[in-house]
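Enquirer: Pasted the sequence and its predicted model underneath.
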Number of protein chains: 2
Amino acid sequence: MTLDLVTARDWLAVAVEEARQGLTEGGIPIGAALVAADGTVLGRGHNRRVQDDDPSAHGETSAFRDAGRQRTYAGTTMVTTLSPCWYCSGLVRQFGISRVVIGEASSFFGGHEWLAEHGVEILLLDDPRCIDLMDRFIADHPELWFEDIGLEAGT
Amino acid sequence: MTLDLVTARDWLAVAVEEARQGLTEGGIPIGAALVAADGTVLGRGHNRRVQDDDPSAHGETSAFRDAGRQRTYAGTTMVTTLSPCWYCSGLVRQFGISRVVIGEASSFFGGHEWLAEHGVEILLLDDPRCIDLMDRFIADHPELWFEDIGLEAGT
């Protein structure tokens, strides 16, 4: 079932809250939530590279982890403030997460078109709060951002 | 530089040790190591879904996490007992890990051909110890195995 925009924006608000929490902690402001078909938030989290010195803790993987073991991901939605990188796109594909709601894909363009090709419903919201969070962060801390996506700064 | 088979098998031994440790703990026997170009083991780990109730802890992501923050992954090798699933293949692609040494791809065929298409060097060893570990585990605990790759048992 295609998601209506009002609901998608409500769900995105959870991810934005996580991203802001990450920023407050001195981290990279990317947040995510894994939401069940009925709107229940199964898990939520944010990037914790800086806070935990953990390069595996992206927004989406943190939300996935927080949700704990699930018997199936059919019908679930991964809501994320930023287009999912290949690592997080791979997570969505492997576990059969049905839909990804994305805050923005202008500061970083990840694997969401690949996911769409493989049957995942993609909803890109082009949310100005999400764009602003990342644009400011990348301007202020380019080295952390490039580290987080496995690039040498400036490449 | 293409890896010689003797070195690849030495590195795989670390991943096999991790897989066996996981089995001893009652977990899914998949192990991995992230190895630097000079052979230094940067990180090692095994699947911890059962042990930690953590669905995000695959062998490869555990090894990646254990290695901590790295400025670059150029020249590194992910050594894994089993063909990397999409989640772990995405990790390799996103962070620019140069090579994947794979114990076996007969019990599960993941994303390693996709990685090869994107410039990652793939070395598939077809190791009988790795095949035996997974074949026995899947026969004994199909429900855990299917859960780990996001499938309903028997599908």
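Expert: That came through fine.
Enquirer: my read: A:Arg93 touches A:Leu115, true?
Expert: Yes. Contact criterion CB atoms under 8 Å: A:Arg93 and A:Leu115 qualify, at 6.2 Å. For every residue, glycine as well, the C-beta is placed using N, CA and C.
Enquirer: Just say helix, strand or coil for whatever residue of chain A ends up closest to chain B.
Expert: Relative to chain B, the nearest point of chain A is A:Gly90 (2.4 Å; CB to the nearest CB). Under DSSP: H, G, I helix; E, B strand; the rest coil, the three-state class of A:Gly90 is helix.
Enquirer: so how many other residues sit close to it?
Expert: Neighbourhood size, A:Gly90 [other CB atoms under 10 Å in any protein chain shown]: 28.
Enquirer: Excluding sequence neighbours, find me the nearest residue to it.
Expert: Counting by CB to CB, 6 or more residues apart in numbering or on different chains, A:Gly90 lies nearest to B:Gly90, which is 2.4 Å off, once chain neighbours are set aside.
Enquirer: got the contact list for the one you found?
Expert: With contact set as CB atoms under 8 Å, 6 or more residues apart in numbering or on different chains, B:Gly90 has these partners: A:Cys85, A:Trp86, A:Tyr87, A:Cys88, A:Ser89, A:Gly90, A:Leu91, A:Arg93, A:Gly111, B:Gly111.
Enquirer: now stretch A:56-65: mean pLDDT?
Expert: The average pLDDT within stretch A:56-65 is 98.
Enquirer: Repeat that for stretch A:8-19.
Expert: 98.
Enquirer: How about residues contacting it?
Expert: By CB under 8 Å, 6+ apart, the surrounding residues in contact with stretch A:8-19 are A:29-33, A:35, A:39, A:41, A:44-46, A:59, A:63, A:77, A:79-81, A:101, A:103, A:123, A:125, A:127, A:129-130, A:133.
Enquirer: from the residues you listed, which would you call buried?
Expert: Buried residues within these, defined by neighbour count using 16 or more other CB atoms under 10 Å in any protein chain shown: A:29-33, A:35, A:41, A:44-46, A:59, A:63, A:77, A:79-81, A:101, A:103, A:123, A:125, A:127, A:130, A:133.
Enquirer: Using the three-state scheme, assign A:Gly43.
Expert: With three-state DSSP as the basis, A:Gly43 sits in strand.
Enquirer: Contacts only, for it.
Expert: Contacts of A:Gly43 (CB under 8 Å, 6+ apart): A:Ala33, A:Leu34, A:Ala63, A:Phe64, A:Arg65, A:Asp66, A:Ala67, A:Gly68.
Enquirer: In strands only, show me the contacts of stretch A:8-19.
Expert: Secondary structure from DSSP state E places A:31-33, A:35, A:41, A:44-46, A:77, A:79-81, A:101, A:103, A:123 of the contacts of stretch A:8-19 in strands.
Enquirer: Please tell me I have it right and A:Ile28 contacts A:Trp145.
Expert: Yes. Counting by CB under 8 Å, A:Ile28 does reach A:Trp145; the two are 6.7 Å apart.
Enquirer: what touches both of those two?
Expert: Both A:Ile28 and A:Trp145 are contacted by A:Phe137, under the criterion CB under 8 Å, 6+ apart.
Enquirer: With neighbour numbers in mind, choose between the two.
Expert: Between A:Ile28 and A:Trp145, counted using other CB under 10 Å, A:Ile28 has the larger neighbour count: 29 against 20.
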